[in-house]
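>>> have a look; sequence and predicted model below, questions after that.
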Amino acid sequence: MSAPKFRDMTFGVTRVTMREGEQGIRYMAADQEIAPYAHRLTDRLVHWSQEAPTRTLFARRQKQADGSTGDWRHVSYAEALQAARRIGQGLLNRGLNAERPVVILSENSLEHALLALGCIYAGVPFCPASPAYSTISQDYDKLRHILTTLTPGLVFASDAARYGKAIQATVGSDVEVVLHEGQLDGRAVTMFDDLAATEATPAVDAAMEATGPDTIAKFLFTSGSTKMPKAVINTQRMWCANQQQMAQSMPVLADAPPVLVDWLPWNHTFGGNHNFGLTIYNGGTLYIDDGKPTPAMMAETLRNLREISPTVYFNVPTGFEAIAHAMKTDDALRASLLKRVRMFFYAGAALAQPIWDSLFESQEREVGERIVMSTGLGMTESGPFAIFVTSPNVKAGDLGVPTPGMELKLVPNSDKVEVRYKGPNITPGYWRAPEETQEAFDEEGFFCTGDAVKWIDETDVHQGLKFDGRIAEDFKLATGTFVSVGPLRGKIIAAGAPYIQDAVITGLNRKEVGAMIFPTAAVRGLSGLGPEASLAEVLASAPVVAHFQAVLNHLSETATGSASRIARAVLLSEPPSIDKGEVTDKGSINQRAVLKHRDALVQALHDGVAPHTLLPH
């Protein structure tokens, strides 16, 4: 049987160097150095505004009066640079700086992008806060924490109707509020268009020239687990080094100006650093996708992909799942999406094998070859790009090898191996949190990720690493047996696709492993019940019970021991809570937070009295 044919894509790093340390510690690096890179992202903005002034940098569909979206509005590189200079001048006029930065309350938008560029140009740090902290949260605790930590001098919000209530509850009267749309009752505001109309002077260009590799570009907050989020310092060096590392690991980015159709939120490092940054660094174009991988918003993403053909495409597994399903019958989607795309890339969770198979089937049917599906490992503190796969034959869980210029430290930890990072793309620490910063780095200056890894092939280190869970999530059963949570979650999600969004593993100090399962919206279709049925009724329906019972039976039959056998599972009708930190607005489940806030349910599950509980036959 011949190997599958993949569309041409070059991997920049295929070999590594290794050195041995004490007590079983090993050090791993790419066999190539990082090439020279820009001192600041604005250097690339200026470069492309001169090389390709009329090329579109950002585009977004214009909103209509009825709330729908219409034609694309484009902002060229030259227009973006001039807007950044004017906005930057306005920020300088207000005396803003790292002690009084800018906080952005907005989904991805042209105004958000231009304000961010204005901040970068003037050397004023900014922080895009998660929109969910303002629009979904009921107590605004995390938004209040962000504002208290940063003490901003200016808060921007895209829409008073969406963000006004949060602003009135959390933003002090001494902080200037800038709005793109609407007004706030009883409070003076500045309109974004007025800020963007500030006349630029030589002072803003001098401010830009005064910035350098150590200048703070932005703050990004971690999602937080059982504690409040931490403000990760992102310097110009960190951002630019990481972009150069990406270009060397993924040469496709530099082969031609990349074209992205992207929804990933800019308050997360994946969308806001990785994708926003690679667009500017490589002279590309980013079409802002107002869709999202949810039943209500996925149609907008599919509409955009039918019209705009990306050269590289990034998403989370739930997004690729929806696309894989749509491509089975949507001829226009297949033709447009697969026309010139060179690479798919996912992050944030495991991609179930049925999704891979479906994507490959549609690709081979449409274009006669497969598109490389890439992934890796990174985090907010690493810029985020750190480890990247080196082969088109990637399997779920594969991570690959370190990017050029970064060294990995592989530290034995009980029966696991923790991976730690050192390189120019690593954060200098957390803002106004010296103790947390000190705790995050070891005695050699490596950042402690808490991620566990193992070899893809123990006989060939050049294939790199694969994911082995989060060390802090793993636990012991009462028998003393360790449960490796990450791989077990991945098996449950894959076995239950497409009806399982995520799973939280239980059983600490118990004799058996359990699972709390968050179902996807697709489970309603499985039930056969109408839209008026509650989720609890859906989960209690015979077809749903039968499906999940079969999944649990399969998992039990294929288990290799007590640590991998799911002895009981409960289907959750209550969705994960943003306020309690159980889920990020990107959809990632926080295992520790769910266990903390649903402890009574965990006890009921293991005592056999929880509703919607399943036991393997």
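Sure thing, it's come through.
>>> so which residues of the stretch 401-550 of the chain form strands?
407-413, 416-422, 447-455, 465-470, 475-476, 482-483, 500-506, 513-519 (DSSP state E, counting those that start in this stretch).
>>> now, of these, which is deepest in the fold?
Comparing the strands of the stretch 401-550 of the chain by mean neighbour count (mean count of other Cβ atoms under 10 Å), strand 500-506 ranks first with a mean of 25. No exception for glycine: its C-beta is placed from N, CA and C like everyone else's.
>>> which outside residues touch it?
Strand 500-506 has contacts (Cβ atoms under 8 Å, 6 or more residues apart in numbering) with 318, 349, 473, 483, 485, 488-489, 492-493, 513-520, 551, 569, 587, 589, 591, 594-595, 602, 605-606.
>>> low-scoring stretches of the stretch 151-300 of the chain, by residue?
Within the stretch 151-300 of the chain, the stretches with pLDDT under 70 are 224-226.
>>> can you list the domains in this structure?
According to automatic domain parsing, the chain comprises the domains 41-300+308-324, 475-614.
>>> ok, back up a step: filter the contacts of strand 500-506 down to the ones in helices?
Counting by DSSP state H, these place 318, 485, 488-489, 492-493, 551, 591, 594-595, 602, 605-606 in helices.
>>> looking at those residues, spot the one nearest residue 337.
Of all those, residue 318 has the smallest distance to residue 337: 16.8 Å, by Cβ to Cβ.
>>> neighbours of the closest one, how many?
Residue 318: 24 surrounding residues under other Cβ atoms under 10 Å.
>>> sec struct for the spatially most central residue of the chain, please.
Nearest to the geometric centre of the chain sits residue 270, at 4.1 Å (Cα atoms, centre = their mean). The three-state assignment at residue 270 reads helix, by DSSP: H, G, I helix; E, B strand; the rest coil.
>>> check contacts around it.
Residue 270 makes contact with 264, 314, 347-348, 384, 586, according to Cβ under 8 Å, 6+ apart.
>>> residue 299 versus that one, what's the distance?
Noted for residue 270: a distance of 23 Å to residue 299, by Cβ to Cβ, to the nearest Å.
>>> could you do residue 110 as well?
Residue 110 sits 22 Å away from residue 299, going by Cβ to Cβ.
>>> who has more neighbours, the two?
Comparing residue 110 with residue 299 by other Cβ under 10 Å, the one with more neighbours is residue 110, at 20 against 12.
>>> you'd agree that one is up against residue 288?
Yes - under the criterion of Cβ atoms under 8 Å, residue 110 makes contact with residue 288 at 7.3 Å.
>>> shared neighbours, these two?
Residues touching both residue 110 and residue 288 (Cβ under 8 Å, 6+ apart): 58, 60.
>>> rewinding a little: any idea which of the strands of the stretch 401-550 of the chain gets closest to residue 195?
Of all these, it is strand 447-455 that lies closest to residue 195, at 36.5 Å by Cβ to Cβ.
>>> so, low pLDDT: which residues of the protein?
In the chain, residues with pLDDT under 70: 1, 224-226, 585-587.
>>> in stretch 589-598, what counts as buried?
By neighbour count on 16 or more other Cβ atoms under 10 Å, the buried set for stretch 589-598 is 589-595, 597-598.
>>> list of residues touching the helix or strand encompassing residue 162?
Per DSSP states H and E, residue 162 falls inside helix 160-170. Applying Cβ under 8 Å, 6+ apart, the contact partners of helix 160-170 are 105-106, 131, 133-135, 137, 140, 143-144, 147, 155, 157, 177, 179, 181-184, 187, 189.
>>> swap in 10 Å and give it another go.
Outside helix 160-170, the residues that touch it by Cβ atoms under 10 Å, 6 or more residues apart in numbering are 105-107, 129, 131, 133-135, 137, 139-141, 143-148, 155-157, 171, 175, 177, 179-187, 189.
>>> can you tell me which of the residues you listed are buried?
Buried members of these, counted by 16+ other Cβ under 10 Å: 105-107, 129, 131, 133-135, 137, 140, 143-147, 155-157, 171, 175, 177, 179-180, 184, 189.
>>> follow-up on the earlier one: for the domains of the chain, could you give me CSV that also reports distance to residue 337?
Below are those laid out as CSV (distance: least, Cβ to Cβ, whole Å):
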stretch, distance to residue 337
domain 41-300+308-324, 7
domain 475-614, 19
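>>> out of the ones you listed, deepest packed?
domain 41-300+308-324 comes out most buried of the domains of the chain by mean count of other Cβ under 10 Å, with a mean of 20.
>>> can you measure across that one, start residue to end residue?
The straight-line separation of the ends of domain 41-300+308-324 (Cα to Cα, to the nearest Å) is 35 Å.
>>> also stretch 429-445?
Counting by Cα to Cα, you get 11 Å between the two ends of stretch 429-445.
>>> buried stuff in it?
429-433, 437, 440-441.
>>> what's the farthest-apart pair in those residues?
The most widely separated members of those, counting by Cβ to Cβ, are 432 and 441 (16.9 Å).
>>> so what's residue 133 up against?
105, 139-146, 166, 170, 221, 229, 267, 578-579, 585 are the contacts of residue 133 under Cβ under 10 Å, 6+ apart.
>>> next: residue 176.
For residue 176, the contact set (Cβ under 10 Å, 6+ apart) comprises 94, 96, 102, 152-156, 188-190, 195.
>>> so of the residues you listed, which ones are in strands?
102, 154-156, 190 (DSSP state E).
>>> before we move on, the earlier item: got the buried residues of stretch 429-445 as TSV, with distance to residue 10 columns?
Converted to TSV, the buried residues of stretch 429-445 look like this (distance: Cβ to Cβ, whole Å):
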residue	distance to residue 10
429	35
430	37
431	38
432	43
433	41
437	38
440	34
441	34
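>>> which among the residues you listed gets closest to residue 15?
residue 441 (28.0 Å).
>>> what residues are bridge-paired with the closest residue to the closest one other than its chain neighbours?
With sequence-adjacent residues excluded and distances taken as Cβ to Cβ, 6 or more residues apart in numbering, residue 441 is closest to residue 447, at 5.8 Å. Note on residue 447: beta-bridge partners by DSSP bridges are residue 421, residue 441.
>>> check the gap between the closest residue to residue 503 other than its chain neighbours and residue 451 for me.
Nearest residue to residue 503 in three dimensions, chain neighbours excluded: residue 492, at 4.3 Å (Cβ to Cβ, 6+ apart). According to Cβ to Cβ, residue 492 stands 20 Å off from residue 451.
>>> same check on residue 562?
As for residue 562, its distance to residue 451 is 25 Å (criterion: Cβ to Cβ).
>>> what of residue 353?
Distance of residue 353 to residue 451, given as Cβ to Cβ: 22 Å.
>>> please apply the same query to residue 161.
Distance, residue 161 to residue 451, by Cβ to Cβ: 40 Å.
>>> same check on residue 56?
Using Cβ to Cβ, residue 56 is found at 37 Å from residue 451.
>>> could you do residue 289 as well?
Distance, residue 289 to residue 451, by Cβ to Cβ: 29 Å.
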